[in-house]
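Undergrad: Below are the sequence and a predicted model; questions follow.
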Amino acid sequence: MAAGQSAGSPDRQRPTAVPATLQLSLQDEAVAFYLNHYMEPLPPDALGVTRSLDDYICQLSVEFHSDLLGAAIRCMALETYSRVWGYHERASAEAVQHHRTLLSLARRSVGSLSAETMDEGLLGVFFLSRFDASTHTPAALMRKLSESRVHHYNGAMAMLKYWVDHLRGGDGEVESHCRPASSIVKESRRGLLRFLLMHTLEVPGWMKDGEAFGEIGLEQIYDRVTVRTADLRHQVSRLIREQTEGIFSSHESGLPSLDHRLSDLDKEARDLDRMLRDWVDQFQVSWTYQQHTLKPPDDPDRTERTASPSKIYTYSSMSYSMLWAKYAAVRLLVNDAHLKIISLRKQTLVVTDLIMESHCRLVVEQMTDIIVYSKAFFMGELQVSRTPMGEETVVRSTRSNVCQARCKYATWPLSVACSLETVDGFRRLWCKWELHRVGRLAGIKFFEEYQPSNHGFRLD
């Protein structure tokens, strides 16, 4: 085993030797390694809903347009380089130094927001949050969650509200006269929506209109469902808390009765599930997946630390696998909320509720399967070829081809599946294993908490 490579990490990329004639500095070598392995942009055919801030950072990082972006990339590059080389002392020290510079520049940018500095400020907050998730152990990160991670999200939220209130255009402005949202503004809002979804928080009113942030077409439909799903989960969570604390709304409170509120939430969950089904029906035929059955790996040196699904989904493009994973994640959240609503109605359950409960559990299983069976293709762990007759053959690579740059896109769907108790034990355990592995490969220590004991089961 090479120095600095942890046991059980054969698929972790290591920096290649640099020709002596180049004489790269530690910083330059770290940046080159980071951009090459961790910041790969999505292919040109990638749909807008599958993109993230990383794709635009890849474009900006070529010329290091600002001191803040330069400090941010150097900070993350040196931290990543340090970790890959077994916590290289000098690289780690330089990473901390650049982090201090980034923090100072971000504060300065946030303190003087304008149309010209908004993108820079949002990127600063984004990198500060990612650095925290990359450098702190899970226990330490959880302890400072309220003061660090949530603080970063609150900062980004305040910046977006400032853009809406002061930079986009005032109330009553004709839409065509309003300032369009930049790609950084749009992706920042999408990231915040995922945060609100996972933490059962309500979406602020000023943030609900996706069109104001540049969402159009299929993206806008998905955005509307995402916003409403976040609000649904928030209201269900609130009802569960009221039940636990014995403070269900009384008639004196002026709020609707419990049965009425549950009935409204039940209808909302049904509507959202229908909207997601209709959304998928608009996909082109070439976007869908093909199912294959694989044999177990024959390589005796390959250690299967997690379950290996015998079913595999392949796609005509990597971006389509990401599209289906995002669809599956949101539909998982909708049906998980619906199951909680049905549970709250247990005192007045009727036959139709029992039928719907069975349907929701089936959907949860199907959506988890999409995430599970798509992951290998998405991460580059399969070798796909076509025979002269046009038939597609798929084999699992005996040597891992995992792409670190793709890992960060897999963390959210896996996080959703891991967080829901309605996902059955085997599938949830598999997703926890994979989230731990993907998080480690992507350099996100926050996900190291998802490391269940190895039960040696196989998922079929």
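TA: Arrived safely.

Undergrad: Run the chain-centre distance for stretch 213-222.
TA: Distance, stretch centre to chain centre, for stretch 213-222: 18 Å (C-alpha atoms, centre = their mean, to the nearest Å).

Undergrad: Could I get the buried residue list for it?
TA: 213-215, 219-222 (16 or more other C-beta atoms under 10 Å). Quick note: C-beta positions are derived from backbone N, CA and C, even for glycine.

Undergrad: low pLDDT regions in the stretch 201-350 of the chain?
TA: For the stretch 201-350 of the chain, the stretches flagged by pLDDT under 70 are 247-256, 295-308, 347-349.

Undergrad: returning to that earlier point: what would the buried residues of stretch 213-222 look like in TSV with secondary structure and distance to residue 269?
TA: Output for those, formatted as TSV (DSSP: H, G, I helix; E, B strand; the rest coil; distance: C-beta to C-beta, whole Å):
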residue	secondary structure	distance to residue 269
213	helix	25
214	coil	28
215	coil	22
219	helix	22
220	helix	21
221	helix	17
222	helix	17
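
Undergrad: Go through these and name the one nearest residue 370.
TA: Nearest to residue 370, judged by C-beta to C-beta, of these is residue 222 at 15.3 Å.

Undergrad: how close does that closest one sit to residue 282?
TA: Residue 222 sits 10 Å away from residue 282, going by C-beta to C-beta, to the nearest Å.

Undergrad: Where does the most centrally placed residue in the chain sit, in terms of helix or strand?
TA: The C-alpha lying nearest the average C-alpha coordinate of the chain belongs to residue 412 (C-alpha atoms, centre = their mean; 2.7 Å). Per DSSP states H and E: residue 412 is located in helix 404-419.

Undergrad: Show the subsequent helix or strand relative to that helix.
TA: Next along the chain after helix 404-419, taking DSSP H and E as the criterion, comes helix 425-442.

Undergrad: now the strands for the protein?
TA: 290-293, 311-314, 382-386, 392-396 (DSSP state E).

Undergrad: Adding mean neighbour count as columns, could you present these in CSV?
TA: Shown next, in CSV, are these (neighbours: other C-beta atoms under 10 Å):
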stretch, mean neighbour count
strand 290-293, 12
strand 311-314, 20
strand 382-386, 13
strand 392-396, 14
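
Undergrad: In JSON lines: those, plus distance to residue 440.
TA: Output for those, formatted as JSON lines (distance: least, C-beta to C-beta, whole Å):
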{"stretch": "strand 290-293", "distance to residue 440": "27"}
{"stretch": "strand 311-314", "distance to residue 440": "23"}
{"stretch": "strand 382-386", "distance to residue 440": "21"}
{"stretch": "strand 392-396", "distance to residue 440": "20"}
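
Undergrad: Out of those strands, flag the one nearest residue 74.
TA: Of those, nearest to residue 74 by C-beta to C-beta is strand 382-386, at 34.5 Å.

Undergrad: tell me the mean pLDDT over that closest one?
TA: If you average the pLDDT over strand 382-386, you get 76.

Undergrad: Listing partners with orientation, what would you give for that strand?
TA: strand 392-396 (antiparallel) (DSSP bridges).

Undergrad: Do you have the helices of the stretch 51-200 of the chain handy? List them.
TA: Along the stretch 51-200 of the chain, the segments classed as helices by DSSP state H, counting those that start in this stretch run 53-61, 67-84, 89-111, 118-135, 138-143, 150-162, 183-198.

Undergrad: Now do the closest residue in space to residue 89 that isn't next to it in sequence, the pLDDT please.
TA: Leaving aside its sequence neighbours, residue 89 sits nearest to residue 82 (C-beta to C-beta, 6 or more residues apart in numbering; 7.9 Å). Reported pLDDT at residue 82 in the predicted model: 86.

Undergrad: Residue 154 versus residue 82, what's the distance?
TA: 29 Å.

Undergrad: thinking again about what came up before, just to check, the residue nearest to residue 89 is in contact with residue 76?
TA: No: in this structure residue 82 lies outside contact range of residue 76 using C-beta atoms under 8 Å: 10.7 Å.

Undergrad: any shared contact partners between those two?
TA: residue 95 (C-beta atoms under 8 Å, 6 or more residues apart in numbering).

Undergrad: So those two - more neighbours on which side?
TA: Taking other C-beta atoms under 10 Å, residue 82 and residue 76 do not tie; residue 76 has more neighbours (26 against 23).

Undergrad: who's in contact with the more buried one?
TA: For residue 76, the contact set (C-beta under 8 Å, 6+ apart) comprises 34, 38, 95, 127, 130-131, 134.

Undergrad: nearest residue to residue 315 other than its sequence neighbours?
TA: Nearest to residue 315 is residue 321, by C-beta to C-beta, 6+ apart, at 4.6 Å.

Undergrad: I should have written residue 126 there, sorry.
TA: residue 53 (5.5 Å).

Undergrad: count of neighbours near the residue nearest to residue 157 when sequence neighbours are not counted?
TA: Closest residue in space to residue 157, ignoring its immediate chain neighbours: residue 192 at 6.0 Å, by C-beta to C-beta, 6+ apart. The tally of other residues near residue 192 (other C-beta under 10 Å) stands at 19.

Undergrad: repeat for residue 388
TA: For residue 388, using other C-beta under 10 Å, the count is 5.

Undergrad: wait, isn't the residue nearest to residue 315 in contact with residue 289?
TA: Yes: applying C-beta under 8 Å, one finds residue 321 in contact with residue 289, separated by 7.3 Å.

Undergrad: show me what contacts residue 77?
TA: 27, 30-31, 33-35.

Undergrad: repeat that for 7 Å
TA: Neighbour list for residue 77: 30-31, 34 [criterion: C-beta atoms under 7 Å, 6 or more residues apart in numbering].

Undergrad: Count the residues that sit near the closest residue to it other than its chain neighbours.
TA: Distances taken as C-beta to C-beta, 6+ apart put residue 34 closest to residue 77, at 3.5 Å, once the chain neighbours are dropped. Residues within reach of residue 34, counting by other C-beta under 10 Å, total 24.
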